[in-house]
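no sequence for this one, just the structure:
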Ligand code: ADP
C-alpha cells in the first residue's frame with residue numbers, strides 16, 4: 001500500500017480537538033492509557049494463540065518496553081502483542097469503537113463544550129485511550145505488524161492529531177506495535193526516565209506483564225559540562241509485573257487497590273469497599289470485588305452486564321462476564337481468575353458450567369458479607385459508607401428478594417426504610433422489631449410514591465393514633481420485592497393497605513365491641529353504598545383503621561395494590577383489572593351525612609361517588625371521570 005492520507009471520523013476529530021485544547025492538568029495518564037493498550041494487545045495474542053500457536057512466532061515472552069530518546073524528544077511504547085493489520089490501523093485508530101469514549105462525547109453538554117476545565121475532568125474520568133497521547137505529543141507514529149502475517153505487511157500510521165492521518169505499508173520484523181510520541185515543547189517533563197518510572201509505578205504497577213525501561217546511570221560531565229543520567233543499554237523491569245489479584249493481600253496498599261479499581265471501572269471516585277480472596281475448595285479461583293461509591297447512569301438497564309473481568313489461569317478471557325454475578329449485584333466491579341475453567345470457555349459455556357455457578361455463589365456471598373460488615377460495623381465511618389451505599393444501590397439490591405431465594409434472609413437484613421417515626425431511610429427490620437409494641441404481631445408497612453404521600457395516607461391513621469410504627473416504602477420495586485418476603489425473623493410482614501386491619505391484641509375489648517356494633521348498625525347503608533358504587537368497588541365495609549379520614553381504598557389480602565397496578569399501566573404493561581374495597585369510617589361527619597340522605601337517591605349517589613373518588617385521590621390516584629367529580633363537589637359548595 002502506498003502512502004495514503006485519510007480523514008479521521010468526525011467524532012475522533014472532535015475528541016482530538018478536546019484532548020489537545022482541554023486544560024486537563026493530569027496529562028500523565030497518557031502513559032497509563034498506552035501501556036494499558038499494549039497490555040491488552042498482549043492479552044489478545046495470548047488468547048488467540050490458544051487456538052493458533054503459530055502466532056507466537058517463536059518469541060513467547062510478552063513484554064512492554066518504554067524507551068526515551070532525549071535527543072529526538074520522543075517516547076516510544078512498544079509491545080510484542082497481537083499487533084495491527086493495515087486495515088485495523090485505519091479502523092481502530094481512525095474511528096471510535098469504544099462505548100466509554102462515545103459516552104464521554106455525548107456527556108459533553110453544550111456548556112461543557114465551552115468549558116475547557118470541565119472537559120479536562122471528563123477526560124480523566126473516561127480515559128480517552130490512544131488519543132490521550134496527543135495531550136503530550138504533536139505527532140504520533142505507530143508502527144505495527146499483526147502476529148502471523150508476513151514481515152512486509154506491517155503498517156506505519158502517522159498523525160499530527162488534527163483532521164487526518166497517513167498510513168503506509170512497511171516491513172517490520174517484530175510482531176506487535178510501537179507507539180512513538182513526538183513530545184510537545186510543553187510536555188518535556190516526560191522526557192525524564194525517573195518521571196516515567198514514577199508514573200508507571202503509580203498507574204501500571206498491577207499490569208501483569210513486565211514493563212521494561214533502559215537502565216540509567218549517572219555520568220560525570222566532561223570538559224566542565226554538567227553530569228547527567230544516561231542510558232546504559234541494559235533493560236530493567238520497572239513494575240511489579242504481577243497482577244494485583246495474584247499478590248498477597250498484605251503486600252497491597254489501599255492506594256493500589258483504589259488505583260486498580262479506578263482503571264477497571266473507569267471511575268474517578270474511590271470504591272466504597274472491596275474484598276480480595278483466594279477461594280479454595282471444589283473450585284479454585286481468586287476474586288477481587290469492588291463496591292463502587294456511585295451508581296452508573298445505566299444501572300436500571302437490566303441488560304447491563306455485570307462488571308467482572310474473567311481470567312482463566314491468568315489468561316484474560318472476557319470483560320463483562322455476566323454469569324459471574326447475579327443481576328441484582330450488577331453494580332459490582334472486579335476480576336475473577338479461575339484455575340478450573342477451560343481456556344476456550346465461551347459466554348454460552350459459562351451459563352452452563354458448574355464451576356461458574358459456584359463462583360457466582362461465592363461472589364454473591366462475598367459481596368453480601370462485605371455489605372453486612374459495613375452495616376454492622378461499630379465504626380461510624382464504615383456505617384456511613386453503608387448508608388451511602390444504600391442510597392445509591394438499595395433499590396437494586398431489593399431485586400434480589402425475587403431473584404435469589406437462597407440469600408433472601410441475608411438480603412432482608414440489609415434493607416433499610418423510612419418509617420412513620422424516621423424520615424431518613426435508615427430503619428432495618430431488626431430495628432423495627434426491637435421497637436414493636438407489646439402485643440404487636442406484625443411488621444406493618446405501606447407502599448406509596450413519596451414519603452409524604454405514605455405518611456399522610458389515611459390507612460396510617462389508626463397506627464398513628466396507637467403509636468405503632470409503620471415502615472414507609474417508596475421505591476418503585478418495593479411492592480414487587482415485598483411479594484417475595486413474607487416474614488422477617490419469624491414476624492410476618494403486613495401491608496396496611498391490604499386486607500382488613502387486624503391489630504390483634506393491640507385493640508382493647510371496648511374498641512372491638514364498638515367496631516362490631518358499628519358494622520351491624522351500618523349494614524343497611526353499606527348495602528346502599530355497594531349498590532351505588534357497584535361499578536367501582538368490589539366491596540364496601542366499615543373500618544377501624546381510619547381516624548380523621550372518611551374513607552380509604554384497600555385491596556384484598558393477596559391482591560395487587562392500586563398503586564402498583566397504576567404503575568404497571570403507566571409503563572404500558574398489563575395489570576389485572578381488580579376493583580378495590582372501599583372502607584368507610586362510621587364516625588366521620590361525611591359518612592354520617594350519608595345516613596341522613598338515604599331517602600334522597602340523587603344526593604346519596606353523589607355523596608357515595610365523592611367518598612370513593614376522594615379515597616382514590618388521597619392515595620395518589622385520579623377519579624375515572626374527574627369532571628364528574630368536580631361537578632358533584634361543586635354542587636355542595638354553591
Ligand atoms: P480502547 O483500547 O479502549 O479500545 P483506544 O482508543 O485506546 O481504545 O484504542 C483503540 C483500538 O486501537 C483498540 O481497541 C485496539 O484495537 C487498537 N490498539 C490500540 N493500541 C494498540 C496496540 N498497542 N496494539 C494493538 N492494537 C492497539
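Sure thing, it's come through. If you're wondering where the values come from, they're calculated on a predicted model, not measured in any experiment.

distance between the ends of stretch 2-19?
End-to-end span of stretch 2-19 (CA to CA, to the nearest Å): 30 Å.

Any residue of it touching the ligand?
No. Residues of stretch 2-19 are not located near the ligand by CB under 6 Å from any ligand atom, the shortest gap being 9.0 Å. Heads up, the C-betas are built off the backbone N, CA and C, glycines and all.

Now the residue in the stretch 101-250 of the chain that the ligand sits nearest to. Nearest residue, chain neighbours left out?
Using CB to the nearest ligand atom, residue 129 is the residue of the stretch 101-250 of the chain that sits closest to the ligand, at 2.4 Å. With CB to CB, 6 or more residues apart in numbering as the criterion, residue 129 has its nearest non-adjacent residue at 5.3 Å, and that residue is residue 33.

Burial check on that neighbour, number of neighbours?
Residues near residue 33, counting by other CB atoms under 10 Å, number 20.

Run the contact check for the helix or strand in which residue 67 is found versus the ligand.
Assigned by DSSP states H and E, residue 67 falls within strand 64-69. No. Using CB under 6 Å from any ligand atom, strand 64-69 stays clear of the ligand, coming no nearer than 8.8 Å.

on that earlier part again, would you agree the residue nearest to residue 129 falls within a strand?
No. Membership of residue 33 in a strand is not supported by DSSP: H, G, I helix; E, B strand; the rest coil, which gives helix.

mind checking how far it is from the ligand?
Using CB to the nearest ligand atom, to the nearest Å, residue 33 is found at 6 Å from the ligand.

how about the residue nearest the centre of the chain, secondary structure?
The centroid of the chain falls nearest to residue 331 when counting by CA atoms, centre = their mean (3.6 Å). State at residue 331, reduced to three classes by three-state DSSP: coil.

hang on, isn't it packed against residue 295?
Yes. Using CB atoms under 8 Å, residue 331 makes contact with residue 295 at a distance of 6.2 Å.

just to revisit the earlier point, which neighbours in the sheet does the strand holding residue 67 have, and how are they oriented?
strand 74-79 (antiparallel), strand 211-219 (parallel) (DSSP bridges).

The last one near the ligand anywhere?
Meaning strand 211-219. No. With CB under 6 Å from any ligand atom as the criterion, the ligand is not reached by strand 211-219; the gap is at least 13.1 Å.

So which bits of that strand are buried?
For strand 211-219, burial by neighbour count (16 or more other CB atoms under 10 Å) applies to 211-214, 216.

ok, so of those residues, who is nearest residue 474?
Proximity of the buried residues of strand 211-219 to residue 474 was ranked by CB to CB; the top entry is residue 211 with 50.8 Å.

The stretch 351-500 of the chain: helices as residue ranges?
All helices of the stretch 351-500 of the chain, identified by DSSP state H, counting those that start in this stretch, fall at 354-376, 380-403, 408-414, 429-434, 451-455, 461-465, 478-482.

want to throw the ones you listed into JSON lines with distance to residue 311, mean pLDDT and mean neighbour count?
JSON lines is the format used below for the helices of the stretch 351-500 of the chain (distance: least, CB to CB, whole Å; pLDDT from 0 to 100; neighbours: other CB atoms under 10 Å):
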{"stretch": "helix 354-376", "distance to residue 311": "12", "mean pLDDT": "95", "mean neighbour count": "19"}
{"stretch": "helix 380-403", "distance to residue 311": "26", "mean pLDDT": "94", "mean neighbour count": "18"}
{"stretch": "helix 408-414", "distance to residue 311": "28", "mean pLDDT": "96", "mean neighbour count": "18"}
{"stretch": "helix 429-434", "distance to residue 311": "39", "mean pLDDT": "96", "mean neighbour count": "16"}
{"stretch": "helix 451-455", "distance to residue 311": "45", "mean pLDDT": "86", "mean neighbour count": "18"}
{"stretch": "helix 461-465", "distance to residue 311": "54", "mean pLDDT": "89", "mean neighbour count": "18"}
{"stretch": "helix 478-482", "distance to residue 311": "34", "mean pLDDT": "88", "mean neighbour count": "21"}
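
between these, which one is nearest to residue 170?
helix 354-376 (43.8 Å).

now what about the closest one, what contacts it?
272-275, 277, 279, 282-283, 285, 287, 289, 291, 308, 323-326, 329, 332, 336, 338, 340-341, 350, 382-383, 385-386, 389, 404, 406-407, 410-411, 413-414, 428 (CB atoms under 8 Å, 6 or more residues apart in numbering).

again with stretch 179-188
So stretch 179-188 is contacted by 27, 30, 34, 37-38, 73-78, 130, 133, 135-143, 190-191 (CB under 8 Å, 6+ apart).

in it, what's buried?
179-184, 187.

tell me which element the residue lying farthest from the centre of the chain falls in.
Distance from the C-alpha centroid of the chain peaks at residue 223, with 63.1 Å (CA atoms, centre = their mean). For residue 223, there is no helix or strand it lies in under DSSP H and E.

circling back to that earlier point, so the residue of the stretch 101-250 of the chain closest to the ligand sits against residue 38, correct?
No. Look at residue 129 against residue 38 with CB under 8 Å: they stay out of range, at 11.9 Å.

higher neighbour count, the two?
Just comparing residue 129 and residue 38: by other CB under 10 Å the higher neighbour count belongs to residue 38, 28 against 21.

How about that one, nearest residue that isn't a chain neighbour?
residue 79 (3.6 Å).

Identify the bridge partners of the one you found.
Going by DSSP bridges, residue 79 forms beta bridges with residue 64, residue 177.

and it, how many residues sit next to it?
Neighbour tally, residue 79, other CB under 10 Å: 28.

again with residue 282
Other residues lying near residue 282 total 9 when counted by other CB under 10 Å.

any idea how far it is from the ligand?
Applying CB to the nearest ligand atom, the value for residue 282 to the ligand is 36 Å.
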